[in-house]
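> Everything below, folded, please.
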Amino acid sequence: MIRVITFLLAVAVLAFGIVWIVDRPGEVTITWPWLDAIWPGHGRTQASLVVAGLGLVLLVIVLMIVFAFVRGIVRSPEHVSLFFRHRRAVKGYLALTRGLVAIGAGDLKLARRSADDAARLSPGDPLTLLLIAQSAQMAGDRGAAERAFRDMTRRDDTKLLGLRGLYIEAQRRNDAPGARRVAEEAAKVAPGLPWAGQAVLDDRCAASDWAGALEALDHMKSALAKPDYRRKRAVLLTARAQALADIDRDGARAAVLEAVKLAPDLVPAAAMAGRRLAESNDWRKARKILETAWTANPHPDIAEAYANLRLGDSARERLTRMQKLATKVEGQLEGALAVARAALEAGEFKVARDALAPYVSAPTRRVATLMSEIEETEHNDQGRVREWLSRAMRALPDPVWTADGVVSERWLPVSPNGRLDGFEWKLPLAELGPSRPVVEIAPPSAQAAPEAPKPVEAKPAEATPSPRPRKSARADRARARPVEPVIPLVHAPDDPGTEAGLDGDPVPEPSTPAAPDTWQRIRGLFR
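Modelled structure (predicted):
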């Protein structure tokens, strides 16, 4: 509406001006001295005001046309050059498009040809460098790929991408120092870059440099969710406290107390904090920390620290304390085991048996072993002891610290594959029974963790004997048949995508070739 009103007002003003000029008569006289000298009597021109105005407008239009024509002639070489550059850029863009699509489709020949065309048509373009690197990786030419990535690092807009590619290539040739240098440089350029910060963090953890790992974690704080950051920092502080336990007890205590504040349910931190506070006679704070951790995650380490909260207490006082702790989480196996252990030490055998009574019908190994200790201590009945030990050999497994298919006798901050906070308190995969699949694992590397844990034996656990009679020998052979792995090993992809992990993805193992059919055998006779 405003535009319509503005247009009408402009038309009205223009019409008013034309009418005003027409209503006022007058003449315009132009004198041409040079024309009068050439042609006497014709050096003066007279016209009305309206005609003079129209003539002036026509003159301006003619001059504009002449100026545009001359300007076009003068700038024609530039326009021709711009046309050819634009045409070259379009061809380069099409070559880049074909190359990237060919890489996605796995067409190596088309990818290399498109990379050569792009390098000729659009040299130095960021996508051209990426296409050259990707096609070289597909062809297995690691040298060309590294040269392309190094060219990327010389440009500000592709420096991080080049560093990412160099990091992947260094890892593929097992150059740990080179990968570390590239990751540190990328972390300096972009402190919040997730892959660079994670790489530096993993390297510090593998070297047990917990102070450096904490510094690397702080640099990548902005790239992590708050709960994830708090959990990782708590794990690193606990690892640092364990490392300082024998050389700097005050520093270890400060670190583990901060870890408990960040992650109250972290079992190793809570158990260590409880022991350190108990040594300094701060029993109230130690009890609160241990009870909070026990409520979130009942664990034997928590129970042991809680039982020894006061070093001078008698066995009956420890039993009373453990009974109180067990009531925090009703019907929990760890609570029953803790009460039974304390009762055995106090000589209260009935209390110990009552605590384990709900679990003796289908005992775990720890339950059966503890029952054998009760029988030996109370009655010294070697027959019953051997019976319970025999049941322990066939009993259900107990949770252990496990990560990446490897079990450890104690908690470790880093898993064998280098994952921070990878160990979990759970049943190991190889202990789940003969009817379930297992995973084949490689032995842990020496740099994966400060202490190499024991590998899990990939053998099916012995099944609990059933009261039902065996049906046949065939059923026995079927039950004893070994379980084949269902998670095959794999190689890493060639392209260093932003989501690509450092470990390989599953690659199926080569299967046994199928026997040729009848027609193939017949055709083979005439070859």
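
> where exactly do the strands run in this protein?
With strands called from DSSP state E, the chain shows them at 27-31, 44-48, 400-403, 406-408, 424-426, 454-455.

> Show me what the fourth one is packed against.
Taking 3 or more C-beta pairs under 8 Å, 6 or more residues apart in numbering; DSSP states H and E as contact, the helices and strands that strand 406-408 lies on are strand 400-403, strand 454-455. (Each C-beta comes from the backbone N, C-alpha and C, glycine too.)

> and the ones you listed, which one is worst for confidence?
Ranked by mean pLDDT, the helices and strands packed on strand 406-408 end with strand 454-455 in last place, scoring a mean of 42.

> re the thing from before, what's the closest of the strands of the chain to residue 208?
With C-beta to C-beta as the criterion, residue 208 lies closest to strand 406-408 of these, at 15.4 Å.

> For the closest one, what does the pLDDT average out to?
Here strand 406-408 scores 90 as its mean pLDDT.

> picking that back up, quick one: closest of the strands of the chain to residue 334.
Closest of the strands of the chain to residue 334 is strand 424-426, at 10.0 Å (criterion: C-beta to C-beta).

> So in the chain, which helix runs the longest?
In the chain, assigned by DSSP state H, the helix with the most residues is helix 76-105.

> which of the residues in that one are buried?
Buried residues in helix 76-105, counted by 16 or more other C-beta atoms under 10 Å: 92, 95, 96, 98, 99, 100, 102, 103.

> Let me know the distance separating the third one from residue 111.
In this case it means residue 96. In this structure, residue 96 lies at 11 Å from residue 111, with C-beta to C-beta, to the nearest Å as the measure.

> and what of the fourth one?
As defined by C-beta to C-beta, residue 98 lies at a distance of 8 Å from residue 111.

> Output the strands of the chain as CSV; include the columns mean neighbour count and distance to residue 5.
Converted to CSV, the strands of the chain look like this (neighbours: other C-beta atoms under 10 Å; distance: least, C-beta to C-beta, whole Å):
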stretch, mean neighbour count, distance to residue 5
strand 27-31, 11, 36
strand 44-48, 13, 34
strand 400-403, 21, 76
strand 406-408, 21, 81
strand 424-426, 13, 74
strand 454-455, 14, 86
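
> out of those, nearest to residue 394?
Ranked by C-beta to C-beta, the member of the strands of the chain that lies closest to residue 394 is strand 400-403, at 17.8 Å.

> which neighbours does that closest one have in its sheet, and in what orientation?
With DSSP bridges as the test, strand 400-403 is paired with strand 406-408 (antiparallel), strand 424-426 (antiparallel).

> quick one: which of those strands is nearest residue 45?
Comparing the strands paired with strand 400-403 by their distance to residue 45 (C-beta to C-beta), the top pick is strand 424-426, with 103.7 Å.

> hmm, who's touching the closest one?
Contacts of strand 424-426 with the rest of the structure, by C-beta atoms under 8 Å, 6 or more residues apart in numbering, involve 267, 297, 299, 399, 400, 401, 402, 403.

> thinking the last one is in contact with residue 415, fair?
Yes - checked against C-beta atoms under 8 Å, the pair residue 403 and residue 415 is within contact range at 3.7 Å.

> Mutual contacts of those two, please.
When contacts are counted by C-beta under 8 Å, 6+ apart, the set common to residue 403 and residue 415 consists of 422, 423.

> Convert the C-alpha atoms of stretch 226-236 to PDB, please.
Backbone C-alpha positions of stretch 226-236 (Å, rounded to 0.1, in the frame of the first residue of the first chain) are rendered in PDB as follows:
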ATOM      1  CA  LYS A 226      28.900 -31.500  31.700                       C
ATOM      2  CA  PRO A 227      28.100 -35.000  33.200                       C
ATOM      3  CA  ASP A 228      30.700 -36.600  30.900                       C
ATOM      4  CA  TYR A 229      33.300 -34.100  31.800                       C
ATOM      5  CA  ARG A 230      32.700 -34.500  35.600                       C
ATOM      6  CA  ARG A 231      32.900 -38.300  35.200                       C
ATOM      7  CA  LYS A 232      36.100 -38.300  33.200                       C
ATOM      8  CA  ARG A 233      37.700 -35.800  35.600                       C
ATOM      9  CA  ALA A 234      36.700 -37.900  38.600                       C
ATOM     10  CA  VAL A 235      38.300 -41.000  37.000                       C
ATOM     11  CA  LEU A 236      41.500 -39.100  36.300                       C
END
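
> Buried ones in it, by neighbour count?
With burial defined by 16+ other C-beta under 10 Å, the residues of stretch 226-236 counted as buried are 229, 231, 232, 233, 234, 235, 236.

> now the fourth one: how far from residue 422?
Plainly put, residue 233 is 16 Å away from residue 422 if you go by C-beta to C-beta.

> tally of neighbours for the residue nearest to residue 375 when sequence neighbours are not counted?
With sequence-adjacent residues excluded and distances taken as C-beta to C-beta, 6 or more residues apart in numbering, residue 375 is closest to residue 384, at 4.2 Å. When counting by other C-beta atoms under 10 Å, one arrives at 16 neighbours for residue 384.

> remind me which residues of this protein are low pLDDT?
Where the chain drops to pLDDT under 70, the residues are 24-25, 36, 41-43, 429-527.

> returning to what we had before: kindly reformat the strands of the chain as JSON lines containing distance to residue 324.
Compiled in JSON lines, these are given as follows (distance: least, C-beta to C-beta, whole Å):
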{"stretch": "strand 27-31", "distance to residue 324": "116"}
{"stretch": "strand 44-48", "distance to residue 324": "117"}
{"stretch": "strand 400-403", "distance to residue 324": "27"}
{"stretch": "strand 406-408", "distance to residue 324": "30"}
{"stretch": "strand 424-426", "distance to residue 324": "23"}
{"stretch": "strand 454-455", "distance to residue 324": "35"}
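
> Out of the ones you listed, which is closest to residue 84?
The closest approach between residue 84 and any of the strands of the chain, judged by C-beta to C-beta, belongs to strand 27-31 at 49.3 Å.

> If I take that closest one and strand 44-48, what angle do their directions form?
Direction vectors for strand 27-31 and strand 44-48, defined by axes from the mean of the first three to the mean of the last three C-alpha atoms, to 10 degrees, enclose an angle of 160 degrees.

> Offset the numbering so it begins at 42, please.
In the new count, where the first residue is 42, that last one comes out as strand 68-72.

> How about the contacts made by the spatially closest residue to residue 226 that is not a sequence neighbour?
Once its chain neighbours are removed from consideration, residue 226 has its nearest residue in residue 204; the separation is 6.2 Å (C-beta to C-beta, 6+ apart). Residues touching residue 204, when contacts are defined by C-beta under 8 Å, 6+ apart, comprise 190, 194, 223, 226, 227, 230, 237.

> Give me the distance between residue 424 and residue 417.
As for residue 424, its distance to residue 417 is 11 Å (criterion: C-beta to C-beta).

> related to what we said a few turns ago, how far away is the residue nearest to residue 226 from residue 240?
When C-beta to C-beta is the yardstick, residue 204 and residue 240 sit 10 Å from each other.

> Now do the shared contacts for the two.
Taking C-beta under 8 Å, 6+ apart as the contact criterion, the residues that touch both residue 204 and residue 240 are residue 227.
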